[in-house]
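1. Prediction below, plus the sequence it came from.
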Amino acid sequence: MRIAVLGGGNGSFAAAGDFALAGHEVRLWRRDKPAVEAHRAAGNRITVKDFSGERTAVLAAVTTDIAAAIDGAELILCPAPAFAQADIAATLAPHLTDGQVVFLPPGTFGAMIFAKAAWDSGNRAAVAFAETGTLPWLTRKHGPHTVAITTRAKYLPTGIFPRHRATHALAVMNKAFPGVVSDCGDALSGALMNAGPIIHPPLIMMNAGPIEHFERWDIHKEGTQPAIRRVTDALDAERIAIRVALGYDGPHFPLADHYAKQGAEWMYGRGSHDKLTDSGDWREHLVLTEHRYMLEDTRIGLSFLASAGALAGVQTPLVRGFLAIASAICGQNFLETGRTLASLGFGAYDKAKLQALLQEGFR
């Protein structure tokens with residue numbers, strides 16, 4: 001099928017390369033005109049490196065024209081950081097057409113940003129917006145047109161907005177991710193599957209000393225110690241408590257399963273943490289005040305969790321504690337500059353009104 005991939009980061013290149021190698025017609029859109037011109041000059045190629053070696057994928061198009069990129073696309077995949085969603089959504093909104101599916105892996109309730117942007121632009125096309133709990137690939141770019149994929153997701157619990165378009169949306173996504181995408185309910189349920197705000201804030205803040213001391217540090221290897229894991233599990237318990245209070249059923253994909261040697265498998269399947277650390281791709285230079293684990297997963301992800309906790313009537317002391325520490329590190333109030341139901345325009349909604357919106361869409 002025809003797929004449009006938006007963005008030029010790790011996830012976007014992994015998506016474009018993998019989909020093209022699977023036989024789909026892939027168009028890659030990004031805003032960086034010089035990068036697009038260089039990619040075209042290189043023949044629209046992406047080299048994909050994984051456990052089976054290196055393969056070269058050829059894309060149908062690489063473009064700065066988002067209308068051309070999504071023309072006729074059944075699936076539009078946008079794995080860009082949460083802080084880039086609003087700008088991309090506004091650019092995309094006027095061009096969406098009936099039957100298209102916009103998929104954010106993960107989203108942090110970004111599905112609602114894209115849906116509201118389309119509605120506010122006057123676009124009334126029957127489009128479904130979806131989000132899941134993690135990027136479908138553990139991946140890092142190894143060059144301007146080369147991407148290394150450490151592992152691929154085995155389970156992608158996905159929420160759909162509006163909920164009544166779920167059957168169509170899931171069918172489209174399963175063409176791209178056969179046997180991997182599963183229905184977890186509405187878009188808020190999908191947002192509350194996001195693992196980034198659980199795994200990354202403890203790792204980046206509880207490793208602040210070595211991060212600022214060493215030129216490179218692997219927070220997933222030396223930085224993942226028993227005390228930090230206990231905190232991560234406690235933080236994840238707050239996320240799961242919010243899901244339960246809002247009426248969402250399991251499986252909740254607790255992050256503990258990502259590290260476990262037995263029992264239920266997590267989204268990436270068994271042994272993914274060891275594959276990640278063995279790759280060496282996450283031994284990197286980190287700047288606390290600039291890294292996306294702080295500006296995306298903490299500032300946006302945890303502020304959203306705090307807001308959802310307030311809606312659900314669930315206390316979130318660790319969520320708010322990490323927000324306070326991160327705010328001190330970065331010199332800004334993350335609860336004010338982050339993402340909340342109020343900042344998204346849903347602050348006056350109670351649970352019943354929000355759930356009705358999630359089911360039926362904007363009217």
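-> Structure received.
2. Walking through this structure, point out its strands one by one.
-> 2-6, 25-29, 45-50, 53-58, 61-63, 75-77, 101-104, 128-132, 137-143, 146-152, 156-161, 181-186 (DSSP state E).
3. How about residues contacting the fourth one?
-> I take that to be strand 53-58. Identification of contacts with strand 53-58 by Cβ atoms under 8 Å, 6 or more residues apart in numbering yields 16, 17, 18, 20, 21, 26, 43, 44, 45, 46, 47, 48. Quick note: C-beta positions are derived from backbone N, CA and C, even for glycine.
4. Tell me the confidence at the nearest residue to the fifth one once chain neighbours are set aside?
-> Excluding the flanking residues, the one nearest residue 21 by Cβ to Cβ, 6 or more residues apart in numbering is residue 57, at 4.8 Å. Turning to residue 57, the model gives it a pLDDT of 98.
5. show me the contacts for the closest residue to residue 187 other than its chain neighbours.
-> Nearest non-adjacent residue to residue 187, counting by Cβ to Cβ, 6+ apart: residue 161, 3.7 Å away. Contacts of residue 161 were listed using Cβ under 8 Å, 6+ apart, and they are 111, 112, 115, 128, 129, 130, 186, 187, 358, 361.
6. Tell me the most packed of those, by neighbour count.
-> Neighbour tally across the contacts of residue 161 (other Cβ atoms under 10 Å): the maximum, 32 neighbours, falls on residue 129.
7. which residues does that one bridge with?
-> Beta-bridge partners recorded for residue 129 (DSSP bridges): residue 102, residue 161.
8. Residue 101 and residue 62: what is the separation?
-> Going from residue 101 to residue 62 by Cβ to Cβ, to the nearest Å gives 22 Å.
9. Compare the two and say which is more crowded by neighbours.
-> Under the criterion of other Cβ under 10 Å, the comparison of residue 101 against residue 62 puts residue 62 first, with 27 against 24.
10. Could you pull up the residues touching the more buried one?
-> 27, 28, 30, 36, 39, 40, 44.
11. Please report how far it lies from residue 5.
-> Residue 62 is 10 Å from residue 5, by Cβ to Cβ.
12. which residues do the two both contact?
-> 27, 28.
13. Now for the residue positioned nearest the centre of the chain: which residues touch it?
-> Nearest to the mean C-alpha position of the chain, by Cα atoms, centre = their mean, lies residue 106 at 1.9 Å. Residue 106 makes contact with 131, 132, 133, 134, 135, 191, 193, 194, 195, 196, according to Cβ under 8 Å, 6+ apart.
14. quick one: pLDDT of the last one?
-> In this case it means residue 196. Note on residue 196: pLDDT of 96.
15. That one contacts residue 131, doesn't it?
-> No: between residue 196 and residue 131 there is no contact under Cβ atoms under 8 Å: 11.9 Å.
16. Which helix or strand in the protein has the lowest average pLDDT?
-> Every helix and strand of the chain was ranked by mean pLDDT, DSSP states H and E. The lowest is helix 272-279, at a mean of 82.
17. how much distance is there from it to the middle of the chain?
-> Centroid separation for helix 272-279 versus its chain: 20 Å, with Cα atoms, centre = their mean, to the nearest Å.
18. contact partners of the helix or strand following it?
-> Once helix 272-279 ends, the next helix or strand along the chain (criterion: DSSP states H and E) is helix 292. Applying Cβ under 8 Å, 6+ apart, the contact partners of helix 292 are 81, 83.
19. Could you list the low-pLDDT ranges of the stretch 1-150 of the chain?
-> Within the stretch 1-150 of the chain, no range satisfies pLDDT under 70.
20. Show me what the longest helix along the chain is in contact with.
-> Longest helix in the chain by number of residues (criterion: DSSP state H): helix 226-245. Contact with helix 226-245 is made by 189, 192, 197-199, 201-203, 206-207, 252, 254-256, 259, 305, 308-309, 312-319, 322, as judged by Cβ under 8 Å, 6+ apart.
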